[in-house]
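Chemist: how would this look folded up:
(one chain, ligands or ions: 4)
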Amino acid sequence: MVKNEVLALVDKGEMLPLMEEFYTIQGEGFHKGTAAYFIRVGGCDVGCHWCDVKESWNAATHPPTTIDAIVNNAAKYSNTIVVTGGEPLTWNMAPLTEALKAKKLQTHIETSGAYTLTGIWDWICLSPKKNKLPQGIIYDKADELKMIIYNKNDFKFAEEQAAKVNKDCILYLQPEWSVKDKMTPLIVDFVMKNPQWKVSLQTHKYLNIP
Ligand SMILES: C[S@@+](CC[C@H](N)C(=O)[O-])C[C@H]1O[C@@H](n2cnc3c(N)ncnc32)[C@H](O)[C@@H]1O
Ligand SMILES: Nc1nc2[nH]cc(C(=O)O)c2c(=O)[nH]1
Ligand code: SF4
Ligand SMILES: [Mg+2]
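Modeler: Ligands and ions are numbered 1, 2, ... in the order given. Have a look, this model is predicted:
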């Protein structure tokens, strides 16, 4: 295919810049401990200074890959597919998720919600960022809200975002990894005082798995 054809397919979500894919244990949030196949799509311009996958940001460094190739491969590994990035909602997620659902796979997304929600999802993990706030209806659709705590101000931001989600949405506070020794005790204290919240840890990093 010539370059313009590839770009046109990526534009429609019929190809996606694929950074990496791996079978592992979901480390975070409600489904922690569950085996899942991760599809990490390149491209993000939200710019979190503490992001743990900055290599994902530049979509041009990740090969445009057909939905068929991604889905046929993923189906070999797991019934639960976690789509992450980068920011997956940079792209139209309809073709990918329709193909995953056609194979009866469970579709989970990890997203900042910074762009329009596309795709068919069995589970939406919304992790809002101050520099690009979530767009519209995703607050109504989120199954879990996962707020990253880097400093004390982030508790206030977490409460502001929790006021916007639907009543069934499960609320998590997750320490930013590099400051976890300082922030985890504050999170523990906050959750005991505000039991509508739960603690989420990046358990895969403790397990030394991807
Ligand atoms: C790398 S992001 C990719 C998906 C999407 N861009 C997002 O931010 O939700 C996956 C998850 O990791 C979280 N995360 C990223 N860097 C982190 C860090 N240094 N410590 C703790 N959580 C982090 C994000 O908030 C998000 O919930
Ligand atoms: N094991 C594992 N669990 C995760 N949950 C969310 C992740 C992500 O980067 O989106 C992630 C990840 O990178 N690895
Ligand atoms: S939105 Fe997600 S991928 Fe993008 S910079 Fe922030 S944590 Fe990283
Ligand atoms: Mg991760």
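Chemist: Please point out which parts of stretch 202-210 sit buried.
Modeler: Using 16 or more other Cβ atoms under 10 Å as the test for burial, stretch 202-210 gives 202, 204. Every residue, glycine included, has its C-beta placed from N, CA and C.
Chemist: For that stretch, measure first residue to last.
Modeler: Start and end residues of stretch 202-210 are separated by 11 Å (Cα to Cα, to the nearest Å).
Chemist: what residues does the chain put near ligand 2?
Modeler: Where the chain comes near ligand 2, counting by Cβ under 6 Å from any ligand atom, the residues are 24, 25, 26, 27, 28, 84, 110, 204, 210.
Chemist: okay, those residues in JSON lines with pLDDT next?
Modeler: Formatted as JSON lines, the residues of the chain next to ligand 2 follow (pLDDT from 0 to 100):
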{"residue": "24", "pLDDT": "98"}
{"residue": "25", "pLDDT": "98"}
{"residue": "26", "pLDDT": "98"}
{"residue": "27", "pLDDT": "98"}
{"residue": "28", "pLDDT": "99"}
{"residue": "84", "pLDDT": "99"}
{"residue": "110", "pLDDT": "99"}
{"residue": "204", "pLDDT": "98"}
{"residue": "210", "pLDDT": "98"}
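Chemist: Can you tell me which of these is closest to residue 162?
Modeler: Nearest to residue 162 among the residues of the chain next to ligand 2: residue 28, at 17.3 Å, using Cβ to Cβ.
Chemist: Could you find the closest non-adjacent residue to the closest one?
Modeler: In space, not counting the residues next to it along the chain, residue 28 is nearest to residue 200; the distance is 5.4 Å by Cβ to Cβ, 6 or more residues apart in numbering.
Chemist: In the protein, which residue is most central in space?
Modeler: In the chain, the residue lying closest to the centroid (Cα atoms, centre = their mean) is residue 110, at 1.5 Å.
Chemist: for the chain, what spans make up the strands?
Modeler: Here the chain has its strands, by DSSP state E, at 15-25, 35-41, 64-66, 80-85, 106-111, 123-126, 144-149, 170-175, 197-199.
Chemist: can I get those in JSON lines with distance to residue 183?
Modeler: Listed next are the strands of the chain as JSON lines, based on distance: least, Cβ to Cβ, whole Å:
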{"stretch": "strand 15-25", "distance to residue 183": "23"}
{"stretch": "strand 35-41", "distance to residue 183": "25"}
{"stretch": "strand 64-66", "distance to residue 183": "36"}
{"stretch": "strand 80-85", "distance to residue 183": "22"}
{"stretch": "strand 106-111", "distance to residue 183": "20"}
{"stretch": "strand 123-126", "distance to residue 183": "20"}
{"stretch": "strand 144-149", "distance to residue 183": "5"}
{"stretch": "strand 170-175", "distance to residue 183": "4"}
{"stretch": "strand 197-199", "distance to residue 183": "11"}
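Chemist: Number of residues surrounding residue 177?
Modeler: By other Cβ atoms under 10 Å, 14 other residues sit near residue 177.
Chemist: Please read the previous query as pertaining to residue 183.
Modeler: Residue 183: 23 neighbours (other Cβ under 10 Å).
Chemist: Am I right that it is in contact with residue 189?
Modeler: No. Using Cβ atoms under 8 Å, residue 183 makes no contact with residue 189, being 10.6 Å away.
Chemist: ok, residues contacting the longest helix along the chain?
Modeler: Secondary structure assigned by DSSP state H gives helix 180-193 as the longest helix of the chain. For helix 180-193, the surrounding residues in contact (Cβ atoms under 8 Å, 6 or more residues apart in numbering) are 149, 150, 151, 152, 155, 173, 175, 176, 197, 198, 199, 201.
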